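**Student:** Here is my input, please return the structure:
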Amino acid sequence: MLSANWIPANTGNITPTFIDVNSSVGEGQRAGRAEIRVNDTIMIRSDVPSLIERPIGTWHYGHRTSRVLVEPYTATSRQQLYDIMLEIRRICHSQLHALTDYQRVQFISMNELVDENLNQWVGKILIELLNSAVFLEGRPSV
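**Tutor:** A predicted model of the protein is given here:
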């Protein structure tokens, strides 16, 4: 969803490399390997806890939340980190109901981890994928 809706003009014409850390890879390959010191990179992984269920009523139905951690890395500037965050936030708001396995995509927060001595700016963005009032005995989306 992020790479398909990315508008480079919103981030100074930068198109980052997207890496799904949780995706399966072929034999001999490693997920999550990138040159983060050279290119703007966005790593996407499950957060902890990955799945939260909150039963309602008779406990057969409830709210199910999957948490996703999006980590943008940039060697350009702190402003570039915030431009990337704003673009991710824009995509979450504009694609609120775009994922078919979930009722809603929600941007939750951004935590900045800056080490200016190493010229590396990193953010940790939390996104939640929500299903409200669903049958809990069914299989959750993965």
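**Student:** Which stretches in the chain count as helices?
**Tutor:** Ranges of helices in the chain, per DSSP state H, are 2-5, 78-94.
**Student:** Would you mark the buried spots in the first one?
**Tutor:** Along helix 2-5, these residues count as buried under the neighbour rule (16 or more other CB atoms under 10 Å): L2. Glycine gets a C-beta too; all of them are placed from N, C-alpha and C.
**Student:** Mean neighbour count, the helices of the chain: which tops it?
**Tutor:** helix 78-94 (a mean of 18; mean count of other CB atoms under 10 Å).
**Student:** what's in contact with that one?
**Tutor:** 1-2, 5-7, 10-12, 14, 16, 40, 42, 70, 72, 74, 105-107, 110, 112, 114, 116, 121-123, 125, 127 (CB atoms under 8 Å, 6 or more residues apart in numbering).
**Student:** okay but Y61 is in contact with F135, surely?
**Tutor:** Yes. In this structure, Y61 is within contact of F135 by CB atoms under 8 Å, at 5.9 Å.
**Student:** Pick out whichever of these two has more residues nearby.
**Tutor:** Neighbours per residue (other CB atoms under 10 Å) separate Y61 from F135, with Y61 holding more: 15 against 10.
**Student:** Please spell out the segments of the chain that come in under the pLDDT threshold.
**Tutor:** 23-38, 116-117, 138, 140-142 (pLDDT under 70).
**Student:** ranges for the strands of it?
**Tutor:** Under the criterion DSSP state E, the chain contains strands at 17-20, 41-56, 61-74, 104-115, 120-135.
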